[in-house]
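Trainee: Fold the stuff below for me.
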Amino acid sequence: MASNDELVYVDQTPAPALDKATLNKMVWRSMNLQASFNYERMQAAGWLWSILPGLEKIHTNKDDLATSMKHNLEFFNTHPFLVTFVMGIVLSMEQNKADINSIRAVRVAAMGPLGGIGDALFWFTLVPITAGITANMAISGSAVGPILYFIITFGVQMLLRYWLMYWSYAMGTGAIEVLTKNAREFTHAAAMLGVFVVGALTCNYGATKLGMKIPNGTKIDATTKETVANYIDLQALLDGILPALIPLALTLMCYALIKKKQWSPTKCIVLLLVIGIVGCAFGIWSGTYTALVSVPWH
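Mentor: Residues are numbered from 1 along each chain as shown. Down below sits the predicted model:
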């Protein structure tokens, strides 16, 4: 049996190109990339499961297949939506029976940049934008909201999975140069767009408002001509200074706690929950129920 020390396969004859059915099968299998995620080898088991149909067709020699499966079971971790990019390159090298060390090096080199690019593209941009729009639809009572969210996020990732598989498989190792050439600029631009979108969502969908009103004498009601109590609406005053000031302040507070105090997102969520419950109990906030409580300020 060929061992990893030999660094080459026994059968050095390049294998025939993989057919579309096999490539498509591996695209769908790639959705199980994290099904056996663990802290020793991360996505390695899911990676091998996803790429195995191609390896079985490439390596007709059982010893070569065992060798390939062994080194493809080594540590692997990349963005799950972009994994087919790495698959295509590795399959191209396996098909041409490249030496094992080269395949290992390319696999590691390709999986690294995809993590940052995928996070910026999906978690910081596509998902917040889509969730912000469709969540508002769902809150308004539309069943289309969650359906549209699934269609957009699932549709985009599947299109990318298919396109990256075929493109990287056809280009081989040349695809890495294209990826790494502008990876930093692309990641930075996507991250900036994501921050901009999150800021806009905070302003548009931040529902935290003050429910306190300060008594301010009496006034004559224009309709009934009766004397009624007059109040100063604190929320209206804040809106005159800066609309959505409270959601902005809460967002900046969470940012400071996470960045400066090393708080986890879970702690911030619990803190916001406590602030919301206590604030509503004492009539500080005006939320979904718009239950404004007058506070006798003297």
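Trainee: pLDDT weak spots in the stretch 1-150 of the chain?
Mentor: Across the stretch 1-150 of the chain, the ranges flagged by pLDDT under 70 are 1-6.
Trainee: Extract the CA atoms of stretch 36-53 and return them as CSV.
Mentor: In CSV, the C-alpha atoms belonging to stretch 36-53 read as follows (Å, rounded to 0.1, in the frame of the first residue of the first chain):
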residue,chain,number,x,y,z
SER,A,36,-19.6,15.4,12.1
PHE,A,37,-17.8,18.5,13.3
ASN,A,38,-15.4,18.0,16.1
TYR,A,39,-12.6,20.0,17.8
GLU,A,40,-9.8,17.7,16.8
ARG,A,41,-10.2,17.8,13.0
MET,A,42,-13.1,20.2,12.6
GLN,A,43,-14.9,19.4,9.3
ALA,A,44,-12.6,16.6,8.2
ALA,A,45,-15.1,13.8,8.3
GLY,A,46,-17.7,15.8,6.4
TRP,A,47,-15.1,16.9,3.9
LEU,A,48,-14.1,13.3,3.2
TRP,A,49,-17.8,12.2,2.9
SER,A,50,-18.5,15.0,0.5
ILE,A,51,-15.5,14.4,-1.8
LEU,A,52,-15.6,10.6,-1.6
PRO,A,53,-17.7,9.9,-4.8
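Trainee: Could you tell me how far the host helix or strand of Asp63 lies from the centre of the chain?
Mentor: Counting by DSSP states H and E, the element that carries Asp63 is helix 62-71. Between the centre of helix 62-71 and the centre of its chain there are 34 Å (C-alpha atoms, centre = their mean, to the nearest Å).
Trainee: likewise stretch 70-84?
Mentor: On C-alpha atoms, centre = their mean, the centre of stretch 70-84 falls 18 Å from the chain's centre.
Trainee: Need the distance between the two termini of it.
Mentor: End-to-end distance for stretch 70-84: 20 Å, by C-alpha to C-alpha, to the nearest Å.
Trainee: Point to the residue nearest the middle of this structure.
Mentor: Of all residues in the chain, the one closest to the mean position by C-alpha atoms, centre = their mean is Trp123, 2.2 Å from it.
Trainee: for the strand ranked longest in the chain, packing partners?
Mentor: Identified as the longest strand of the chain according to DSSP state E is strand 212-220. Contacts defined by 3 or more C-beta pairs under 8 Å, 6 or more residues apart in numbering; DSSP states H and E place strand 212-220 against strand 227-233, helix 234-241, strand 293-294. Where C-beta positions appear, they are placed from N, C-alpha and C, glycine not excepted.
Trainee: will you turn these into CSV that also has mean pLDDT?
Mentor: Listed next are these as CSV, based on pLDDT from 0 to 100:
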stretch, mean pLDDT
strand 227-233, 77
helix 234-241, 80
strand 293-294, 37
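Trainee: Next, format these as JSON lines and append mean neighbour count and distance to Val8.
Mentor: Below are those laid out as JSON lines (neighbours: other C-beta atoms under 10 Å; distance: least, C-beta to C-beta, whole Å):
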{"stretch": "strand 227-233", "mean neighbour count": "13", "distance to Val8": "78"}
{"stretch": "helix 234-241", "mean neighbour count": "13", "distance to Val8": "70"}
{"stretch": "strand 293-294", "mean neighbour count": "14", "distance to Val8": "77"}
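Trainee: Turn the ones you listed into a markdown table, columns for distance to Leu52.
Mentor: Output for those, formatted as a markdown table (distance: least, C-beta to C-beta, whole Å):
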| stretch | distance to Leu52 |
| --- | --- |
| strand 227-233 | 65 |
| helix 234-241 | 59 |
| strand 293-294 | 63 |
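Trainee: between those, which one is nearest to Gly115?
Mentor: Taking C-beta to C-beta, helix 234-241 is the member of the helices and strands packed on strand 212-220 nearest to Gly115, at 40.6 Å.
Trainee: Name the surrounding residues that touch stretch 260-279.
Mentor: For stretch 260-279, the external contacting residues (C-beta atoms under 8 Å, 6 or more residues apart in numbering) are Thr208, Leu250, Cys254, Leu257, Ile258, Ile284, Trp285, Gly287.
Trainee: The same query, at a cut-off of 10 Å, please.
Mentor: Residues from elsewhere that reach stretch 260-279 (C-beta atoms under 10 Å, 6 or more residues apart in numbering): 208, 210-212, 250, 253-258, 284-287.
Trainee: Can you flag the buried ones in the residues you listed?
Mentor: Buried residues within the contacts of stretch 260-279, defined by neighbour count using 16 or more other C-beta atoms under 10 Å: Thr208, Leu210, Gly211, Met212, Leu250, Cys254, Leu257, Ile284, Trp285, Ser286.
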